[in-house]
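*Asks:* Quick one: sequence and predicted model below, then my questions.
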Amino acid sequence: MNGILIAVLIVTGLLIYKIISSSRKQEGYKRWKAGNRSNTEDTTDTETTRKGWFSRYFGTSAPITIPWFDEEAVMKCANLLGVEEAVLKEILKDIPGHYREFWIGKRKGGYRMISAPDKELKAIQDTINHRVLSFVNLHPAATGFRCKMSISDNVRPHLGKPYVLKTDIHDFFGSIRSLRVRKMFESMGYPPKIARVLAALCCVRRCLPQGASTSPALSNIISYEMDKKLAALATEYNLVYTRYADDLTFSGDVFPAQQILPLIKQIIREEKFEINHKKTRFLSGHKRKIITGVSISSGVKLTIPKAKKREIRKNVHFILTKGLAEHQRRIGSHDPAYLKRLIGTLCYWRSIEPDNAYVSDSIAALKGLEKGY
């Protein structure tokens with residue numbers, strides 16, 4: 001019993017020491033900050049207050065500062081983004097805490113981590129997209145994540161080309177580090193301290209997160225130099241180059257693959273990316289040619305791959321003949337949005353093949369069925 005009491009007293013003493021020590025450090029920072037500012041300037045805005053267990057038990061508030069961000073820069077960013085300064089400070093104090101992370105399965109096996117921002121951070125990122133990133137010029141070869149452009153714009157330039165080289169970038173978003181994002185904001189004219197805040201709002205764990213609304217636009221902007229070099233290389237060899245997110249495609253009537261592939265790899269490495277060797281494919285002659293999920297095998301028009309068409313047709317047929325509930329039971333699906341997703345897939349098919357009567361009829365039939373649910 002005495003041993004337990006002694007242990008409790010030791011732990012309590014350590015906690016009190018830690019609290020006092022932390023408080024002294026914060027007070028020291030306040031004095032240092034105040035000494036470096038004008039005597040007439042109010043220093044109370046150098047901290048925000050969070051009431052928690054400390055205030056409940058000790059009757060005072062525990063001040064929490066964010067010394068790694070400049071106060072004036074935070075204030076200017078708050079004005080730029082139309083958010084309260086206190087809210088911005090709260091987010092900056094714990095960026096990872098404002099993300100929900102989970103894993104989703106990849107289409108061809110394996111898993112991908114998604115980092116989804118909470119409502120407050122997402123709103124800020126959407127504003128950064130609208131007020132900061134939307135005005136930046138992108139390279140014409142970049143076709144993904146762009147307004148008024150679709151996956152067809154990525155594929156159509158390669159239609160009719162007998163030789164196609166496909167590859168992609170390994171861990172595309174994860175390869176773009178926060179320092180690089182900060183430098184990008186600086187290159188846009190933002191002072192370093194403001195660029196630091198903006199980069200922090202767009203990154204988590206020191207890289208672009210898969211799930212943040214700013215990541216696609218930032219990746220396109222940062223990839224500009226890579227796109228410029230690869231497009232110049234393609235022009236030199238009379239090839240066509242496009243990039244859709246992390247998918248890179250080259251095509252041409254004559255294609256010296258052994259000669260050009262090492263040069264492509266070199267440019268990608270120079271731009272701090274890594275090529276995915278497992279997904280590098282050279283397609284020639286009469287081989288089936290599918291680029292970012294769209295077939296150009298016919299040589300004259302874009303189509304959905306035959307296997308994908310069969311799958312869609314089968315699902316549509318069973319729903320229209322057996323009913324949605326029976327179809328989902330048969331395939332083991334509990335997705336409440338299954339019908340909506342299938343209609344979305346058909347709309348995508350129609351965007352690739354706008355003259356396909358079967359697709360238009362199926363969309364109309366399923367939308368009529370949707371009204372009954």
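*Replies:* It's in. Nothing here was measured: the structure is a model prediction, and the numbers come from that model. Numbering: from 1, shown residues only.
*Asks:* So Y99 sits against C202, correct?
*Replies:* No - in terms of Cβ atoms under 8 Å, Y99 does not count as a neighbour of C202; the distance is 11.9 Å. (C-beta placed from N, C-alpha, C; glycine too.)
*Asks:* Have a look at those two and say which one is more surrounded.
*Replies:* In this comparison of Y99 against C202, neighbours counted by other Cβ atoms under 10 Å, the higher total goes to C202 at 30 against 19.
*Asks:* Not counting its neighbours along the chain, what's nearest that one?
*Replies:* For C202, the nearest residue in space outside its immediate sequence neighbours is T214; the separation is 4.5 Å by Cβ to Cβ, 6 or more residues apart in numbering.
*Asks:* can you check P256 too?
*Replies:* Skipping the residues right next to it in sequence, P256 comes nearest to Y237 by Cβ to Cβ, 6+ apart, at 6.7 Å.
*Asks:* which ones are touching that neighbour?
*Replies:* Residues counted as contacts of Y237 (Cβ atoms under 8 Å, 6 or more residues apart in numbering) are 252, 255-256, 260.
*Asks:* Report the separation between it and V316.
*Replies:* Y237 sits 44 Å away from V316, going by Cβ to Cβ, to the nearest Å.
*Asks:* cool, and D168?
*Replies:* Separation of D168 from V316 (Cβ to Cβ): 31 Å.
*Asks:* who has more neighbours, those two?
*Replies:* Neighbour tally, D168 and V316, criterion other Cβ under 10 Å: the higher count belongs to V316, 22 against 18.
*Asks:* Would you confirm that the more buried one contacts L342?
*Replies:* Yes - contact between V316 and L342 holds when scored by Cβ under 8 Å: they sit 7.2 Å apart.
*Asks:* what number of residues lie near I343?
*Replies:* What I343 shows, counting by other Cβ under 10 Å, is a neighbour count of 19.
*Asks:* scratch that, P191
*Replies:* Using other Cβ under 10 Å, the number of residues around P191 comes to 13.
*Asks:* what about the strands in the protein?
*Replies:* Taking DSSP state E as the criterion, the chain contains strands spanning 48-50, 62-64, 99-105, 111-117, 163-168, 240-244, 247-252, 281-283, 290-291, 294-295.
*Asks:* and I275, which of those is closest to it?
*Replies:* Evaluated with Cβ to Cβ, these place strand 163-168 nearest to I275, the distance being 5.7 Å.
*Asks:* No further questions, thank you.
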